[in-house]
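Visitor: The following block contains a protein sequence and its predicted model.
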Amino acid sequence: MESNKVRSTFLEFFKSKDHQIVPSAPMVVKGDPTLMFNNSGMAPFKDIFLGNAPIKFPRVTDTQKCLRVSGKHNDLEEVGVDTYHHTMFEMLGNWSFGDYFKKDAITWAWELLTEVYKIDKERLYVTVFEGSVEENVPFDQEAFDTWKLFVPESRIINGNKKDNFWEMGDTGPCGPCTEIHYDGRSDEERAKVDGASLVNGDNDQVIEVWNNVFMEFMRKADKSLEKLPAQHVDTGMGFERLVRVLQGKQSNYDTDVFTPLLNKIEELSGLRYKPEDEENHKKQLIVNIAMRVIADHIRTISFSIADGQLPSNTGAGYVIRRILRRAIRYGYQSLNIKEAFMYRIVPTLSHQLGEQFPELKSQKLLIEKVIKEEEISFYKTLEIGLKRIDQVCIDLIAKHAGKVIDGKVVFELYDTFGFPLDLTSLIARGYDLSIDETEFNRLLDEQKNRSRASSIVDTDDWIVVDKNVTDDKQTNFVGYNELECDTAIVRYRKVKAKNKEQFQLVLTETPFYAESGGQVGDTGTLENINEKIYITDTKKENGLIIHFCDKLPENIHATYIAKVNKNQRSYTENNHSATHLLHAALRMILGTHVEQKGSLVNDEYLRFDFSHFSKITDEELHEIEKIVNTKIRENIHSNIQQMTIDDAKKTGAMALFGEKYGDVVRVVEFDKNYSIELCGGTHVKATGQIGYFKITSESAVAAGIRRIEAVTALKAEEFFDNQTLLLNEVKALLKNNKDVVKSLSNVLEENTELQKQVQVLMREKAQTIKYDLLSKVKSTNDINFICELVVFDSAEELKNMLFEIRNQTENCVCIIGAEVKGKPSISVIISDNLVKDKNLNAGTIIKDLAKEINGGGGGQPFYAQAGGYKLEGLKTAIDKAKALF
């Protein structure tokens, strides 16, 4: 059965069981501080499980894009080495929110696997939770009894808490689970060893296919369990593993999920992905692992970019960059690919999965551009790293400082240049050196511990203030129309991060906008006659609007007036509405290919990232500013409505890729013929409120992604005030000359002319030194030999002089020890015929001489150069060179 058919069969089966088919949520999570990526099928439904979102469909089925590379579910280092772990994978799932439970879930799972997919029943094993005395959770008798209807007891295995009690995190909904495992070994192997003994034993042929989780409990911060008011079913079946079983393969990578990608990698590398035979097992294994890594990682990277997450140096972007660079390193090190290649696999992936995930088709060009740019950049980094490690090895030898490269240096190469430990070790061995692996591992552990410590948030359980308020009651947000309202505290909790203690409050009603869609959260106060509490931030977590404060109100049962900081909100709204006007202007001037790829909106400025493949010209920026300011002066009234997502699409409202929209959306319009977007943020009532719009910078964020930063209103005034002040200061320096541009131009011309004069003087000095050196040529053994000490102001002029000497002197060997700006330098240049006929090598000579100045260097056989630290060693080096000839 083809993989696309496997997926559609699953969804149609559960549709026949009255499940609603829902699309995959974006793989990249936005607006959830606890999660960077959806790492399981249940993650998009967290709000429902926590009781913070209403249940629209009691039965749901889907295939969810998932990513596991960090945190609790870290599979990265196993990816490619084994044949069944992946970074990005699809999780097929069926869900019951307070509807059916264990009996139906198990019965349908068995029906689908054995009657629809026709999997051999004799090859299936199941696990049930054995119970836990310490948790006071009994043996899962209901699951066991249900499985007995289908499976002999010999194939029902008791599982411990580690394998058969699923938890979404340190706190939250959890419960026992039952797993279904498939034994893919040959009949001969199965006859020798019972498959039951290999379940959950890391055997690559006896693998877990499906996990049915029965959400019965809530894990509290104090580690206790309490029973949930409603029971849920959360199931996840790894799509790639299921396809492997149904296609009768021994590896996920042998299925049609991966073979098109592997075929493309074979084409790009000129190598074959094939079984590791006994004769060349090790060599072929290296190739196979590299190809598996690349095939896996290109999926992860492409889906992430399509969902709006670009590679970067922080957060989720850093994870994506790390994965991409891991794939490039495998291509470089194991497949001998020395140029950008990953981006060329994207069309294959888009063709393969574009029907199920249309974002791969619509964003294909952007994905290719971003990956290619990242590859080119990393190859440059690798090049610098290779030079760095060569220099480290040369310096170590020159200084006679032992035979082991310091672990700090090895860690720097790993951390800064992305060099894996084994690559550094390989290069070191080429110099007859080794690396301090113990120190490297210590530094790596230190970094991991620092990272863990910085991300640890100690969160207490929620303390419910009003027992009459149910968990599923939502805070009433009134902030679109009101900036203050009466409210009360529903619940609160204490959190501690980076040694700072704060409190988080949930209110009955709130005017505070929670950070979302690029707009920062509101600040303000909670006030009554007795006290004033400052709200320092507002965020959304698992569907809850959470208000941050440094101090807990003294009377948590009191009524308060919630007041938003009006000025901050107003300036933030100016900037948010300005991004909409900017977006429309960009599409008018640059083209409709422009799409928003990210934004930041606060009371200080706005930042807008968008797709575009070249730098914007000054003329284009001027036109964009002009259009936005025209719309501001027109004082267009905002037209904001709520409607269904289908009705919103009919209006032509722009939606953003990577955003998750509900069934009802908010449509923000500034003149239906100019700007209309889906947006949940707050906005001005009319564009005149923005005052003025000024672009302060335009730059590249990544390949195909540009960034504009701008200011509005008072900040725009401040910008012009600062520019005027700067201009006045320049005028003062120019003696208040009325024609500032002409005066500056004259100063620059004078400076250029003076620099030319300096260059001429330096050139004349170099010529004087050259003629002096040529007068000191000594002929010996058919070689015209020059070996002297000099003082130079410019390394470039020194090099030019050496090549002139070489061109003007037959059979030339010239060795110069130079003091260049106080530092020692040695240069060797040799005529081509001597390199060929007498086997002379400037690089070999320079390595020997560089030891005298505690330095290192290299070059080509005809020219080499070395720098160092020991200036007084130059004379010794020149004396040594004279002795050589």
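Guide: Now that the structure is in, tell me what you want to look at. Residues are numbered from 1 along each chain as shown.

Visitor: low-confidence ranges in the protein?
Guide: Residue ranges of the chain with pLDDT under 70: 31, 33, 70-75, 275-280, 452-456, 467-473, 657-658.

Visitor: How much space separates the residue minimising distance to the centre of it from residue 610?
Guide: Nearest residue to the geometric centre of the chain (CA atoms, centre = their mean): residue 317, 2.1 Å. From residue 317 over to residue 610 the distance is 17 Å, taken as CB to CB, to the nearest Å. Bear in mind the C-beta positions are built from the backbone N, C-alpha and C, glycine included.

Visitor: Now that the residue nearest to the centre of the chain has come up, it's in contact with residue 311, right?
Guide: Yes - between residue 317 and residue 311 there is a contact at 5.6 Å, judged by CB atoms under 8 Å.

Visitor: returning to what we had before: which ones are touching the residue nearest to the centre of the chain?
Guide: Residue 317 makes contact with 309, 310, 311 under the criterion CB atoms under 8 Å, 6 or more residues apart in numbering.

Visitor: How far does the helix or strand hosting it sit from its chain's centre?
Guide: Using DSSP states H and E, residue 317 sits in helix 315-334. Chain-centre distance of helix 315-334: 10 Å, with CA atoms, centre = their mean, to the nearest Å.

Visitor: helices or strands up against the helix or strand just after it?
Guide: Next in sequence after helix 315-334, counting helices and strands by DSSP H and E, comes helix 346-353. In terms of contacts (3 or more CB pairs under 8 Å, 6 or more residues apart in numbering; DSSP states H and E), helix 346-353 is packed against helix 259-269, helix 281-306, helix 359-362, helix 364-398.

Visitor: Pick the most deeply packed of those helices.
Guide: With neighbours defined as mean count of other CB atoms under 10 Å, the helices and strands packed on helix 346-353 peak in mean count at helix 281-306, which reaches a mean of 23.

Visitor: what packs against it?
Guide: Contacts defined by 3+ CB pairs under 8 Å, 6+ apart place helix 281-306 against strand 59-67, strand 88-97, helix 259-269, helix 315-334, helix 346-353, helix 359-362, helix 364-398.

Visitor: just so I have it, where are all the helices in the stretch 501-650 of the chain?
Guide: Ranges of helices in the stretch 501-650 of the chain, per DSSP state H, counting those that start in this stretch, are 566-590, 618-633, 645-650.

Visitor: do the same with the stretch 651-800 of the chain
Guide: Assigned by DSSP H, counting those that start in this stretch, the stretch 651-800 of the chain shows helices spanning 713-733, 740-774, 795-808.

Visitor: Same list (the ones you listed) but as a markdown table, adding distance to residue 690 and mean neighbour count.
Guide: Shown next, in a markdown table, are those (distance: least, CB to CB, whole Å; neighbours: other CB atoms under 10 Å):
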| stretch | distance to residue 690 | mean neighbour count |
| --- | --- | --- |
| helix 713-733 | 6 | 13 |
| helix 740-774 | 31 | 12 |
| helix 795-808 | 52 | 16 |
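
Visitor: now the ones you listed in JSON lines, with distance to residue 873?
Guide: Shown next, in JSON lines, are the helices of the stretch 651-800 of the chain (distance: least, CB to CB, whole Å):
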{"stretch": "helix 713-733", "distance to residue 873": "46"}
{"stretch": "helix 740-774", "distance to residue 873": "21"}
{"stretch": "helix 795-808", "distance to residue 873": "18"}
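
Visitor: Which one, of the ones you listed, ends up nearest to residue 614?
Guide: Of all the helices of the stretch 651-800 of the chain, it is helix 713-733 that lies closest to residue 614, at 26.0 Å by CB to CB.
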